[in-house]
Structure formats: structure tokens, C-alpha cells
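> This is a predicted model, with the sequence first.
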Amino acid sequence: MTTDSGRPRRLTILGSTGSIGVNTLDVVRQLGGRDAFEVMALTGNGNIELLAQQARETGAKLAVTADESQYMTLKDALFGSGVDVAAGVSGLDEAASLEAEWVMAAIVGTAGLAPTLKAASRGADIALANKECLVSAGELFVEAVRAGGGRLIPVDSEHSAIFQCLDNDQRHALERIVLTASGGPFRTYNREQMANVTVETARTHPNWSMGLKISVGSASMFNKALEMVEAKHLFGLRPDQVEVIVHPQSIVHSMVGYSDGSVIAQLGAPDMRTAIGYSLTYPKRPKLDVERLDFAKLARLDFEAPDEKRFPALRLARTAMERGGVQAAVMNAAEETAFNAFVAGRIGFLGMAEIVEDVMERLISLPPARTIADVFAADSEARRTAAQVIAIREQAA
Ligand SMILES: NC(=O)C1=CN([C@@H]2O[C@H](COP(=O)(O)OP(=O)(O)OC[C@H]3O[C@@H](n4cnc5c(N)ncnc54)[C@H](OP(=O)(O)O)[C@@H]3O)[C@@H](O)[C@H]2O)C=CC1
Ligand SMILES: CC(=O)[C@@H](O)[C@H](O)COP(=O)(O)O
Ligand SMILES: [Mn+2]
């Protein structure tokens with residue numbers, strides 16, 4: 001995919017060693033590899049072997065590990081390759097600063113916010129997989145992209161679907177969006193069954209192959225909770241315009257409802273390369289080697305109302321959106337902290353939502369964020385509070 005001047009399009013992948021990162025590199029290969037794209041920077045964290053391999057294969061200018069202690073390992077792995085190496089927060093900043101026209105934001109969690117903001121502020125098109133940017137920083141993030149002059153192109157499958165279904169000429173007639181949710185591996189479990197699940201079962205998504213954090217988030221439906229807030233900011237919606245429907249097959253990726261009763265949906269196999277490819281070639285569509293839907297084989301598509309009693313994350317997202325201010329940033333940071341505690345075996349599966357709710361109540365009076373620094377402050381406060389709540393629960397147990 002060359003630019004108008006015929007030179008390869010420059011791109012950077014923040015989080016190239018993760019599930020989205022690997023899929024992005026596959027799409028880049030399918031669309032012409034080095035003939036069509038110039039890879040400026042690739043970043044990872046702990047998976048140094050894969051990062052070095054990707055950097056060599058793509059001829060990246062710069063490879064960055066977020067983990068400073070891995071700097072020498074990465075340097076050694078790339079010895080003689082001509083790839084520059086950097087590490088830590090400053091390394092991520094350097095990666096985001098290189099002149100790539102298109103940046104895939106695929107770092108997991110709030111760690112992705114600062115480098116994505118850096119790329120946005122210098123005017124890069126942002127392909128946004130990292131939903132946490134929008135959940136935490138909301139309008140401030142949208143404004144940063146707007147001020148930079150680049151485009152914000154959603155990659156999250158549901159938001160890509162809505163983006164594909166939204167006709168800008170009909171914006172005035174948009175009534176609602178309907179986010180589909182698989183329901184995760186515990187869709188049919190009762191609360192007693194959910195209380196004792198392991199990380200291994202929680203990370204086993206019925207349809208998608210994804211990183212650990214988002215997979216567990218699908219199981220608790222905190223992924224959908226984050227996506228509700230993400231959608232609100234991406235498409236400028238009121239909270240009551242954001243609906244969720246459980247759709248166990250993950251074939252309908254989401255829908256847009258208009259004032260004449262029409263509902264436009266985007267369908268496809270559960271394969272992130274479609275959304276990634278669209279973000280890379282938008283407004284054109286790429287030709288991709290992904291599965292085509294066979295409707296006769298599919299035979300049926302099911303839908304059911306979500307159960308907010310078994311999955312309180314959805315209720316918490318609605319509360320966060322209605323309260324506004326930094327409540328969504330608090331929800332996001334508390335959830336990340338609770339997720340880490342679940343993975344570490346310190347709390348049970350249901351404890352995650354309980355901790356998030358507790359932290360949101362404790363921090364209900366935090367002032368709204370005027371700047372990104374305020375967002376980071378709220379995020380830190382929520383992590384501190386969540387850590388305290390977890391410690392109190394452990395003492396009581
Ligand atoms: N996976 C999917 O299909 C989808 C993902 N998303 C979103 O995309 C983002 C990435 O998800 P996914 O690819 O599944 O996640 P993964 O866990 O698979 O990958 C995360 C990436 O971030 C890097 N990373 C981890 N910790 C840090 C850190 N502290 N600082 C900098 N980099 C770090 C990892 O490096 P390393 O591996 O080297 O340790 C890896 O490159 C998330 O926000 C997720 O919600 C959205 C829709 C679908
Ligand atoms: C691929 C993607 O975008 C994920 O967010 C996926 O949709 C998770 O599925 P559920 O959260 O609906 O289980
Ligand atoms: Mn999604």
C-alpha cells in the first residue's frame with residue numbers, strides 16, 4: 001500500500017508481540033510487506049525473541065522493549081541487524097515519535113495511553129485496538145487525536161463494525177448502537193459456578209484467540225463494559241444509546257440502529273485481521289485471506305438479553321458513563337488491578353467486579369479531569385485504592 005507519491009506507507013506497531021500485533025504483521029505481509037510498507041518501530045515487553053525476529057523480518061528502524069531490564073537481551077538479539085534498540089517509557093516515546101503515518105495502538109492496558117497520545121499528537125492515523133485509551137481519557141483522547149490532525153480508526157471488532165455501518169450522511173438519524181457480546185466461557189454459568197472458576201478456564205474464549213487480559217475480560221464481561229464506554233466516546237453517544245446484546249456465535253460484530261427502524265450490521269468470521277485490514281486501508285477495503293462466511297453451515301444466529309446480575313460489569317459501565325468525570329478511568333484502573341490479583345490467585349473470579357464497584361464508590365468524588373495529567377492521577381489513585389481493598393479482603397479471609 002504505497003502513498004500517493006509511490007513510496008511505501010510508514011507504520012509503527014505499539015505492542016507488535018501481542019495477539020493484535022502478530023495479526024497486524026500478518027495483514028501487512030498479505031498486503032505487500034516491505035514493497036508496500038516501511039516499518040518504523042515495533043514494541044513489545046517481555047517477548048524479546050519474537051520482537052527481535054519481527055524487527056529483523058520487517059527491517060524495522062527501531063525495536064523497543066517496555067521492560068528496561070530486557071534492553072541488553074534485545075540489543076544482543078538484534079546485533080548486526082541494523083535495527084536500533086531502545087527500552088522503557090522513553091523507548092516507547094521514541095517509537096511513537098518516529099514519523100510513521102499509521103500507528104497501531106495494541107499495547108494492553110493503560111500502559112498504552114502515553115505512547116498512543118504521543119503518536120496522535122504528531123498527527124499519525126491511530127488504529128485503535130487499545131480501548132483503555134478511550135475508557136480512561138475519553139474526550140481528552142479524542143481531542144488529542146483531533147488536534148494532531150490524524151484519523152482515529154477503531155480496530156476493536158465491535159467498534160470497527162459500527163464504524164463500517166455508520167454512514168456519516170445519516171448521522172442525524174442514528175438512534176442507537178448495539179454491541180454484541182459473546183457472553184464468554186461462563187455465559188450459561190450461575191454465580192455459584194462462577195465463584196470457583198480458574199484462570200485457565202476464564203481465559204478460554206469460545207470464539208476468539210486473544211491475549212490474556214481481554215480474554216478474562218470477556219469472561220467477566222468487563223471487556224464489554226470497557227467497550228460500552230469506548231463506543232460512547234468514539235461515536236459521541238449518550239449512555240442510553242449504547243446497548244449490549246449477547247450473541248454467542250460472534251458472527252454479527254455489532255449493529256447501528258436508525259430512526260426509520262433500520263438496523264445495519266457488519267458480519268464476518270471471528271478474525272481480527274478483517275478489522276485490522278480495514279483500519280490499514282480505510283476508506284478502501286483490502287483483499288484478505290480470511291475465512292468467508294458460509295451461511296448454510298452457520299444455519300443460525302442467536303441473541304439473548306445480557307444478565308447484569310451474573311455480570312455486574314455491564315451495570316458498572318452504565319454507572320460510570322452516567323456519573324461521567326473520571327469514573328470510567330477509575331473503573332478501568334480498578335479492573336486492571338483486580339484482574340492482576342485474580343491471575344495471581346489472590347482473589348476469586350467474582351471478586352473482580354466487587355472490587356471495582358467498591359473502588360468506584362470510594363472514589364465517587366474525584367474531580368473531573370481537565371488534562372491528561374488528571375487522568376493519570378485518577379488512574380493511580382484507583383490502583384492504590386484497589387490494592388488497599390484487595391489487602392483488606394485478604395486480611396478478612
Ligand atoms: N486480541 C484481540 O483480538 C483484541 C484486543 N483488543 C485490545 O488490544 C489491546 C492488545 O490486546 P492483545 O493483543 O490481546 O494483548 P496481548 O497481551 O496479546 O499483547 C499485549 C502487547 O502489549 C505488550 N505489553 C504488555 N505489557 C506492556 C507494558 N507494561 N508496556 C508496554 N507494552 C506492554 C506486550 O508485550 P509482550 O508480549 O512482549 O510482553 C504485547 O506486545 C488490548 O487493549 C485489548 O483490549 C481489542 C480487540 C481485540
Ligand atoms: C475481538 C474483539 O473485539 C473482542 O473484544 C471480542 O469481541 C471479545 O468478545 P466478547 O467480549 O464479546 O466475549
Ligand atoms: Mn471487542
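In hand now; what should we look at? Keep in mind it's a predicted model, so treat the numbers as computed, not measured. Ligands and ions are numbered 1, 2, ... in the order given.
> What sits closest to the closest residue to ligand 1 within the stretch 251-397 of the chain if chain neighbours are left out?
Closest to ligand 1 within the stretch 251-397 of the chain is Met272: 4.4 Å, counting by Cβ to the nearest ligand atom. C-beta: built from backbone N, CA, C; applies to glycine. Closest residue in space to Met272, ignoring its immediate chain neighbours: Asn23 at 4.9 Å, by Cβ to Cβ, 6 or more residues apart in numbering.
> Excluding sequence neighbours, find me the nearest residue to Asn269.
Just to correct that, residue 269 is Ala rather than Asn. Glu291 (4.0 Å).
> Where do the helices of the stretch 1-150 of the chain begin and end?
Using DSSP state H, counting those that start in this stretch, the helices of the stretch 1-150 of the chain run over 19-30, 48-58, 71-77, 88-97, 113-121, 132-148.
> meant to ask about the stretch 151-300 of the chain, not that
157-165, 191-195, 199-202, 212-220, 222-235, 272-281, 295-298.
> how about CSV for those helices, with distance to ligand 2, mean neighbour count and mean pLDDT added?
Putting the helices of the stretch 151-300 of the chain into CSV (distance: least, Cβ to the nearest ligand atom, whole Å; neighbours: other Cβ atoms under 10 Å; pLDDT from 0 to 100) gives the following:
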stretch, distance to ligand 2, mean neighbour count, mean pLDDT
helix 157-165, 3, 24, 98
helix 191-195, 15, 12, 97
helix 199-202, 12, 15, 98
helix 212-220, 3, 23, 98
helix 222-235, 4, 25, 98
helix 272-281, 6, 24, 98
helix 295-298, 17, 8, 96
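> Now for Val199: which residues touch it?
If you count contacts by Cβ atoms under 8 Å, 6 or more residues apart in numbering, Val199 has them with Val216, Phe342, Val343, Gly345.
> rerun that using 10 Å as the cut-off
Leu212, Ser215, Val216, Ala219, Phe339, Phe342, Val343, Ala344, Gly345, Phe349 (Cβ atoms under 10 Å, 6 or more residues apart in numbering).
> Could you report the distance from the first one to Asp302?
The one in question is Leu212. 27 Å (Cβ to Cβ, to the nearest Å).
> Quick check: closest non-adjacent residue to whichever residue of the stretch 1-150 of the chain sits closest to ligand 1.
The stretch 1-150 of the chain approaches ligand 1 most closely through Gly18 (1.9 Å), counting by Cβ to the nearest ligand atom. The shortest distance from Gly18 to any non-neighbouring residue, by Cβ to Cβ, 6+ apart, is to Gly211 (5.3 Å).
> Then Arg285?
Tyr278 (6.6 Å).
> quick one: that neighbour from Thr385, how far?
For Tyr278, the distance to Thr385 (Cβ to Cβ) stands at 39 Å.
> and the stretch 251-397 of the chain, which residues reach ligand 1?
Met272 (Cβ under 6 Å from any ligand atom).
> Could you check the pLDDT of the residue of the stretch 151-300 of the chain found nearest ligand 3?
Relative to ligand 3, the nearest point of the stretch 151-300 of the chain is Asp156 (4.2 Å; Cβ to the ion). Looking at Asp156, its pLDDT reads 98.
> Tally up the residues packed near it, please.
27 (other Cβ atoms under 10 Å).
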